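> quick one: sequence and predicted model below, then my questions.
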Amino acid sequence: MWRNLLLRGTTCLLQVAAPRFLHQRPFPPFSCVRLLTQRLLHRPPQFLDKGYFLAHSGTRAYKNDAKSALEIPTTPVTITDIKQYLRSKEIPFHDGHSCLHIQSIFINPSDRKDSYCLFIDKTTGQFLCKDTMVEGSWEDIQDCLEVMQKQEQDFLSPHVLLGYSESMEEQEERESELREVQRIWSSSVPLTDVPEEEALLVKTMFQISKVSNATLKKFGVRLFKPTKSLVFPWFGGPDSSLKGVKLLSAQSTDNNKVIYKEATVPKCNSFHSLFGLPLVGRMDAEVVLTGSELDTLAVSQATGLPSVALPRGASCLPPILLPYLEQFKRVTLWLGDDIRSWEASKIFSRKLGLRRCSLVRPGEYRPCPMEALAQGKNLGQIIKSSIPAAHKSIVSFKQLREDVYGELSNTEQVAGVKWARFPELNRILKGHRKGELTVFTGPTGSGKTTFISEVALDLCMQGVNTLWGSFEINNVRLAKVMLTQFAMQRLENNLEQYDFWADKFEELPLYFMTFHGQQNIKAVLDTMQHSVYLYDINHVIIDNLQFMMGQENLAVDKFAVQDHIIGAFRKFATNSSCHVTLVIHPRKEEDDRDLQTASIFGSAKASQEADNVLILQEKKLATCPGRRSLQITKNRFDGDVGIFPLDFLKSSLTFEAPIQGKHKLRKVAFKPENEGGEGMKVEGKKVEVKKEKVAKIAKAPRTVTGKESVQK
Ligand SMILES: Nc1ncnc2c1ncn2[C@@H]1O[C@H](COP(=O)(O)OP(=O)(O)OP(=O)(O)O)[C@@H](O)[C@H]1O
C-alpha cells in the first residue's frame, strides 16, 4: 500500500522528468524511487517535445507524448565524464565505437550470457541493456549504480526503473497497435507461397524480379493482399518477437519509374526496426547498412554479406539503434543513389564512428543496391570500392575530384530541397541546403513568424527533419498556426476534422524546443547539438535572436553581442551540416522606408556570416492591406537576389504569390550593399535603384535580361 501511495506521489514527476524510464512494471523498490525522486527534483525541465501537442479545444486535453519527449541534461555529459564515473565505481568497460559496454546490472551475474550487453551512448550517456531491454538516461544509470552500491547488491531487478502507469488512452493505443501488427502479419502470406503467376506480377510491380525466392524466404517477406503491399517484419527484443511491420506499396509512373510508399505499425516514431538484424550472426564483424528493406535483400543475395536496413532510410539514424551495430568492425553505408543519401551517409558515419565506416558514393556506376542487382552489376565490387569515411584535415584535389564531379553532375540535388508552396523561393534561392545560415527579418508584427512557419512546414512535409526554437510565442500557439497552415483551413470551425489533420501532422519529423523567454545561447546550442544527434535535425528555426541577447553581457556593445551570437549559429550550421534560420528584429524601422540588409546587422562582419538574407517587406496598400513582399538581399549559393509579392490568406494563415501576370518575379544581380547599395542589372545595364523604389519596380511587369536576371 505504502509503495503504491509513494509511487502515485512520484508518478507525475517521473512522467515529466524521465519519460524513457517509464515503460515497465512492477514498481521500484522504495530506496530507488527515493533516489530517483531526489535527482529528478533537481533536474531541469525538458527542452524538447515531439511536435504533436496540439491546440486543445475546450473539452480536450493536450496530447503531449511524454514517451517521445527528450531529456537534455543542463551540462551535457562527455565521454570523459562517463569513463571517470565508471572508473570511480570500479566498473569495467569496453570502449566501443559509439558506446561504452558494461556488464548488465539488471541480470544476475550467474545468468549473464553476453556479459557486456549494457551499452552507454558516448555522446548522450543514454543506456540500453540489450538482454533485458531496460533503457534510460545517464542520470538513471547513475541512480541505479548508487542504489546497488548502497544496498551492496551485485545486480538490480530489470523492473527497478518502473513506476509509471500508462494512461488508459496510451494503453489502448499500444494494445491496438499490437493487435494491428498481429492482424496484418497473420493475414499476409509468405511471398514464396503465392501462386507463381501472381508472385511474378508482384515482383514485376516492385521491380524485384531478380530477387530469388530463397532470399524472400530467408528474410520472411510477405504479401498483404488487400493492399497489394509487401510486408517486412520487425523482430526484436531478447525473445525476437514480432514488434512491428512495414508495409510497402508500389505504383508505376508514366515514365516507367516506380514510386514506393511505406507505412509502419507502430508509427514511424517508434518503429525502431533494423530489418535483417535477426539474420546477423553474433560473430559477424562486417555489415552493409542500406536505406531500404529491398536494398538489403539485394545486398544479401548478391554478396552474402550481412546487411541491415535503416527503418527510415536516409532520413535518420536514431541513436537507440547504435548498440545493435556495435559488434561490427566495418560498416559500409550504401543508403541510396542521390546526393541526399550521400550527405546522410557522411553524417551517420560520425555517429557510428568514422574509422570503421566506408561509404558507397552514388554515381552512374553505383546506383542503389536493388537497381544494381537489376542491372547485373557486381555489388561486391561496388562495396569493395567504397571510400573510408575518416578524412584528413588536408586533402588534395585528387581526393576531392569525385565530390566535385558529383556536384557538377547533380546540380538540381546540390541546390537542395525545393519548396512546394513557394516556387519563387526556388527560382531565387534554388533550394534549401544543409549547413547554411539564413537570416530573416521584417518589421514588428509584419507576419515573420507566420511566414517562416509556413516556409519551414513546407520543407518539413518533404522530410526535412525540423526543430523549432520559438522563444516568443508558446509552442501550442505555434503548433496551432502550423496545423492551420498544414490543413489550409481554420479548424476552429471544423472541429470534427481535428483528429484527421492532427494524425497526419503527428507524422511530420517536427520537434519543438520547450524554451520560452530569454535564453542562454549555450543552452540553446547544446539543445540543438543534441537534437541533431538524436533526431538528425536538418533545419533549426530560432525565433528570435533577441531572446538570446538578454542573457549576454550587455555592458559590451550590443551589436558585438549580436555578432557573437550569429557567429555561434554560423559555426553550428557548418559543423553540424544543419540549416539554421535565424529570425531577427530589424535594428531600425522607419515607416516609409523599406528595410535593407543594414537594418539588421550591427556590422559588416555579421552580414558576412549569413548565407541568405530574407526580408519581409511591409508596404501597406489601401487596396491590398495584407500584401507583403519577400526580398532576398543575399544568396551565397549562386548570387541571385530579388523580390516578389506575397498575399496573405487569413483563412489558412498562408501566403501565396498574387495571380500571375499581375506581379512577376524580378531577379537582380547580387551586389552587397556595402559595395554600393542595391546594385542590379536591367536589360544588361547596371542601374542604381533607391530602396524606396525597389518594391515598385518589382511589381511592374518588365523584361529583365542578363544571366542573373532572366525572367522566369
Ligand atoms: N500579411 C499579413 N496581413 C495581415 N495579418 C497578418 C499577415 N501576416 C501575419 N498576420 C497576422 O499578424 C499577426 C502577427 O503575426 P506574426 O506573429 O507572424 O508577426 P511577427 O512579425 O512575427 O511579430 P513580432 O514582430 O512580434 O515577432 C498574426 O495574428 C498573424 O496571423
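Structure received. Numbers count the residues shown, from 1 in each chain.
> Ile339 is in contact with Lys346, isn't it?
No - using CB atoms under 8 Å, Ile339 makes no contact with Lys346, being 10.7 Å away. For every residue, glycine as well, the C-beta is placed using N, CA and C.
> the more surrounded of the two?
Taking neighbours as other CB atoms under 10 Å, Ile339 and Lys346 compare with Ile339 leading, 19 against 16.
> can you tell me, leaving aside adjacent residues, what's nearest to the more buried one?
Nearest residue to Ile339, sequence neighbours excluded (CB to CB, 6 or more residues apart in numbering): Gln413, at 3.9 Å.
> gap between the one you found and the ligand?
Separation of Gln413 from the ligand (CB to the nearest ligand atom, to the nearest Å) stands at 32 Å.
> doesn't that residue belong to a helix?
Yes - assigned with DSSP: H, G, I helix; E, B strand; the rest coil, Gln413 falls within a helix.
> how about the contacts made by it?
For Gln413, the contact set (CB atoms under 8 Å, 6 or more residues apart in numbering) comprises Asp338, Ile339, Arg340.
> the helix or strand hosting the last one: what's the following helix or strand?
Going back to what we said before, that points to Arg340. Following DSSP states H and E, one finds Arg340 within helix 339-352. Where DSSP H and E defines the elements, the next helix or strand beyond helix 339-352 is strand 357-359.
> ok, that next one: who's next to it in the sheet?
Each strand paired with strand 357-359, and its direction, by DSSP bridges: strand 330-334 (parallel), strand 387-388 (antiparallel).
> between those strands, which one is closest to the ligand.
strand 330-334 (40.2 Å; CB to the nearest ligand atom).
> quick check: angle from the helix holding Arg340 to strand 330-334?
Per axes from the mean of the first three to the mean of the last three CA atoms, to 10 degrees, the angle that helix 339-352 makes with strand 330-334 is 160 degrees.
> got a list of contacts for helix 339-352?
97-98, 123, 289, 291, 313-315, 317, 319, 322, 325, 331, 333-336, 357, 359-362, 368, 389, 406, 410, 413-414, 434, 533, 536, 577.
> in helices only, show me these.
Among the contacts of helix 339-352, the members found in helices (DSSP state H) are Gly406, Gln413, Val414, Tyr533.
> by contact count, what packs against the strand or helix carrying Leu373?
Taking DSSP H and E as the criterion, Leu373 maps to helix 369-374. Other elements packing on helix 369-374 under the criterion 3 or more CB pairs under 8 Å, 6 or more residues apart in numbering; DSSP states H and E are helix 293-303, helix 379-384.
> write out the residues of the stretch 451-600 of the chain neighbouring the ligand.
Residues of the stretch 451-600 of the chain lying close to the ligand (CB under 6 Å from any ligand atom) are Glu472.
> measure the residue in the stretch 451-600 of the chain that the ligand sits nearest to to Thr438 for me?
Of the residues in the stretch 451-600 of the chain, the one nearest the ligand is Glu472, at a distance of 5.7 Å by CB to the nearest ligand atom. Glu472 sits 18 Å away from Thr438, taking CB to CB, to the nearest Å as the criterion.
> tell me which helix or strand the nearest residue to Tyr511 once chain neighbours are set aside sits in.
Excluding the flanking residues, the one nearest Tyr511 by CB to CB, 6+ apart is Leu467, at 4.8 Å. Assigned by DSSP H and E, Leu467 falls within strand 466-470.
> also Cys144?
Assessed by DSSP H and E, Cys144 sits inside helix 138-150.
> now do the phi/psi pair for Thr581.
Dihedral pair for Thr581: phi -110, psi 120, per degrees, to the nearest 10.
> try Ser385
With angles defined as degrees, to the nearest 10, Ser385 sits at phi -80, psi 10.
> can you report how many residues neighbour it?
By other CB under 10 Å, the residues close to Ser385 number 13.
> how near is it to Glu402?
Ser385 sits 11 Å away from Glu402, going by CB to CB.
> ditto for Gln142
Gln142 sits 46 Å away from Glu402, going by CB to CB.
> neighbour-wise, which of these two wins?
Per other CB under 10 Å, whichever of Gln142 and Glu402 has more neighbours is Gln142, with 19 against 12.
> with adjacent residues omitted, what lies nearest to the more buried one?
That would be Tyr85: by CB to CB, 6+ apart, it lies 6.8 Å from Gln142.
> could you report the neighbour count for that neighbour?
17.
> so when I look at it, I'm seeing a helix, right?
Yes - counting by three-state DSSP, Tyr85 falls inside a helix.
> any idea how far Pro266 is from it?
According to CB to CB, Tyr85 stands 34 Å off from Pro266.
> just give me the closest of the ones in helices among the contacts of helix 339-352 to His272.
Nearest to His272 among the ones in helices among the contacts of helix 339-352, counting by CB to CB, is Tyr533 at 15.9 Å.
> that closest one contacts Gln126, correct?
No - contact between Tyr533 and Gln126 fails when scored by CB under 8 Å: they sit 10.2 Å apart.
> so what sits against both of these two?
Here Tyr533 and Gln126 share the contacting residues Pro319, scored by CB under 8 Å, 6+ apart.
> ok, and what's touching stretch 184-204?
209, 211, 213, 216-217, 220-226, 228, 230-231, 233, 242, 245, 247, 265.
> could I have the buried ones of these as ChimeraX selection syntax?
Selection of buried members from these for ChimeraX, criterion 16 or more other CB atoms under 10 Å:
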select :211,216,220,221,222,223,224,230,231,233,242,245,247,265
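> His572: what's it in contact with?
Residue 572: Phe, not His. Counted by CB under 8 Å, 6+ apart, Phe572 has contacts Leu525, Met528, Gln529, Cys578, Val580.
> now the residues you listed as a markdown table including secondary structure and neighbour count?
Output for the contacts of Phe572, formatted as a markdown table (DSSP: H, G, I helix; E, B strand; the rest coil; neighbours: other CB atoms under 10 Å):
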| residue | secondary structure | neighbour count |
| --- | --- | --- |
| Leu525 | helix | 18 |
| Met528 | helix | 24 |
| Gln529 | helix | 18 |
| Cys578 | coil | 24 |
| Val580 | strand | 27 |
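> what does the helix holding Leu373 contact?
For helix 369-374, contacts defined as CB under 8 Å, 6+ apart pick out 207-211, 288, 290, 292, 294-299, 301-302, 334, 337, 366, 379, 382.
> show me what the mean pLDDT comes to for it.
Taken as a whole, helix 369-374 carries a mean pLDDT of 95.
> the more surrounded of Tyr533 and Gln126?
Gln126 (24 against 18).
> doesn't Leu118 make contact with the more buried one?
No - at 11.4 Å, Gln126 does not count as touching Leu118 under the criterion of CB under 8 Å.
> tell me how far the residue in the stretch 401-550 of the chain positioned nearest to the ligand lies from Thr124.
Residue nearest to the ligand within the stretch 401-550 of the chain (CB to the nearest ligand atom): Gly447, separated by 2.4 Å. Distance, Gly447 to Thr124, using CB to CB: 37 Å.
> please apply the same query to Lys571.
21 Å.
> same question, Leu495
39 Å.
> which one's more surrounded, these two?
Shown here are Leu495 and Thr124; by other CB under 10 Å, Thr124 has more neighbours (20 against 12).
> so what's that one up against?
Here Thr124 is in contact with Pro76, Val77, Ser137, Trp138, Pro319, His530, Tyr533, Leu534 (CB under 8 Å, 6+ apart).
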